[in-house]
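Q: sharing a model prediction with you, sequence too.
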Amino acid sequence: GVPIIISGHLRGWQPLTGQIETQIDQLDLATVFHALSVSGRTGALKPSWVFSPETNIKADIHVSNIYYRSLQLGRLTASLAIKNGNLKIDRCQITSAHSTIALLGYLNKHPKPEYYLGMYIKAKDLPIQDLFRSGASGKPLLEGTLNMEALLSSQGRKVEGFVKNLSGQANFVIAKGKVIKSSILIKLLDFFSVQKIFVNKPPNLAKEGFYFEEIKGALDINKGVVHSDEVIMKSPVFNAIVRGKVNLHNGKIKADLGAQPFVTVDSILSRIPVVGYILTGKERALLVYYFKIRGDIRDPKLSYVPLK
């Protein structure tokens, strides 16, 4: 179990009123989420006495070390209030050396069921592989240093619709990293290999990973659909830009991709009868190949679009 120190004062029973302060040394959010999920399915957790219309409790919570599986999140401080059968998060902040997360919101039962959660997330020089290792598979898809700033919110009648109701904006940069696993990247490298675009063989993605200098973009999220006009990857092998959308609710992607391999125009023209190119000056031309990305985000279909 997890030792919890509770201090303060409470009066009555129904109604229950007062103010408490809770101190916890360390807490794994994965364990909390699992317990809530099990209790919700079995109906074991029904604190009707806490959320009765007469209850009036204020609570300050301090957690010295909060984490999610292997991901260290840092220190948590929060102020909550339960009043008129409703839960209100006045303030909640989680801080570490590499990240800051601030939350506020409410979970209402009266006069009608409704929830709201607003989030501000900032990451600075965060090893992105740590995020992936905390996932279900425990295996990183990317390595690199993440800098990000996001302002998100979700509002609706039922918490189960949190992802479907998610909206906001985010900006991110992942610097000097490697793609460890990506079906899109594998298919793109396979296409270039078949077309003999590269003079030198690209790295073996499965064994070495694909090094990139930078991946950056701006995201708009509206009702669970993430849209971007520009996500850019710069690497020594090729540059790429993606524009499109991902539906977080059903996991579907619809996007267009442009890739510019770093080879000479003359070497490609000698091998491929028809190619497209973009003029960038009197003496320079950069070849760009266009693709469509469609299907399930876990293994989407990549289709080459020849220029006419």
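A: Received it, and whenever you're ready, just let me know what you need. Numbers count the residues shown, from 1 in each chain.

Q: on the three-state scheme, the residue nearest to the spatial centre of the chain is what?
A: The residue lying closest to the centre of the chain (Cα atoms, centre = their mean) is residue 131, at 8.9 Å. When classified by DSSP: H, G, I helix; E, B strand; the rest coil, residue 131 comes out as helix.

Q: what's the burial count for the nearest residue to it once chain neighbours are set aside?
A: Leaving out its chain neighbours, the residue that sits closest to residue 131 by Cβ to Cβ, 6 or more residues apart in numbering is residue 71, at 6.5 Å. To be clear about C-beta, it is placed using only N, CA and C from the backbone, and glycine gets the same treatment. When neighbours are defined as other Cβ atoms under 10 Å, residue 71 has 18 of them.

Q: in the strand or helix carrying residue 143, what's buried?
A: Assigned by DSSP states H and E, residue 143 belongs to strand 142-156. Along strand 142-156, these residues count as buried under the neighbour rule (16 or more other Cβ atoms under 10 Å): 142-148, 150-151, 153-156.

Q: tell me the strands beside that strand, with direction?
A: Its sheet considered, strand 142-156 pairs with strand 114-127 (antiparallel), strand 166-179 (antiparallel) by DSSP bridges.

Q: okay, now the residue nearest to residue 29 when sequence neighbours are not counted: neighbour count?
A: Residue nearest to residue 29 in three dimensions, not counting chain neighbours: residue 68, with 4.5 Å by Cβ to Cβ, 6+ apart. Residue 68 has 17 neighbours, counted by other Cβ under 10 Å.

Q: residues contacting residue 68?
A: Neighbouring residues of residue 68 by Cβ atoms under 8 Å, 6 or more residues apart in numbering: 28-30, 134.

Q: so for the helix or strand encompassing residue 257, what's the average pLDDT?
A: Taking DSSP H and E as the criterion, residue 257 maps to strand 252-261. Averaged over strand 252-261, pLDDT sits at 94.

Q: ok, and what's touching it?
A: 184, 188, 192, 197-198, 237-247, 286-297, 300, 302.

Q: circling back: need the per-residue pLDDT for the residue nearest to residue 131.
A: 89.

Q: beta partners of it?
A: residue 68.

Q: can you give me the distance of it to residue 125?
A: According to Cβ to Cβ, to the nearest Å, residue 71 stands 15 Å off from residue 125.

Q: how about low-confidence regions in the stretch 1-150 of the chain?
A: Of all residues in the stretch 1-150 of the chain, those with pLDDT under 70 make up the ranges 1, 36-51, 136.

Q: tell me where it has helices.
A: Remark: helices assigned in the stretch 1-150 of the chain by DSSP state H, counting those that start in this stretch are 29-42, 128-133.

Q: and residue 187, how far from residue 303?
A: 10 Å.

Q: who has more neighbours out of those two?
A: A direct count of neighbours by other Cβ under 10 Å for residue 187 and residue 303 places residue 187 higher, at 18 against 13.

Q: can you tell me the SS state at that one?
A: helix.

Q: do the same with residue 227
A: strand.

Q: excluding its backbone neighbours, what's nearest it?
A: Per Cβ to Cβ, 6+ apart, closest to residue 227 is residue 245, 4.3 Å.

Q: settle this for me: that neighbour is touching residue 229, isn't it.
A: No: contact between residue 245 and residue 229 fails when scored by Cβ atoms under 8 Å: they sit 10.2 Å apart.

Q: higher neighbour count, those two?
A: Neighbours were counted for residue 245 and for residue 229 using other Cβ under 10 Å; residue 245 has more, 16 against 12.

Q: what pairs with the more buried one across the strands?
A: Counting by DSSP bridges, residue 245 is bridged to residue 227, residue 254.

Q: where does it land on pLDDT?
A: For residue 245, the predicted pLDDT is 98.

Q: run through the residues that contact it.
A: 225-228, 253-255.

Q: how about JSON lines for the residues you listed, with neighbour count and distance to residue 307 added?
A: As requested, those are exported to JSON lines (neighbours: other Cβ atoms under 10 Å; distance: Cβ to Cβ, whole Å):
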{"residue": "225", "neighbour count": "18", "distance to residue 307": "29"}
{"residue": "226", "neighbour count": "17", "distance to residue 307": "28"}
{"residue": "227", "neighbour count": "16", "distance to residue 307": "25"}
{"residue": "228", "neighbour count": "19", "distance to residue 307": "23"}
{"residue": "253", "neighbour count": "19", "distance to residue 307": "23"}
{"residue": "254", "neighbour count": "15", "distance to residue 307": "21"}
{"residue": "255", "neighbour count": "19", "distance to residue 307": "18"}
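
Q: for those, which one is nearest residue 23?
A: residue 226 (37.7 Å; Cβ to Cβ).
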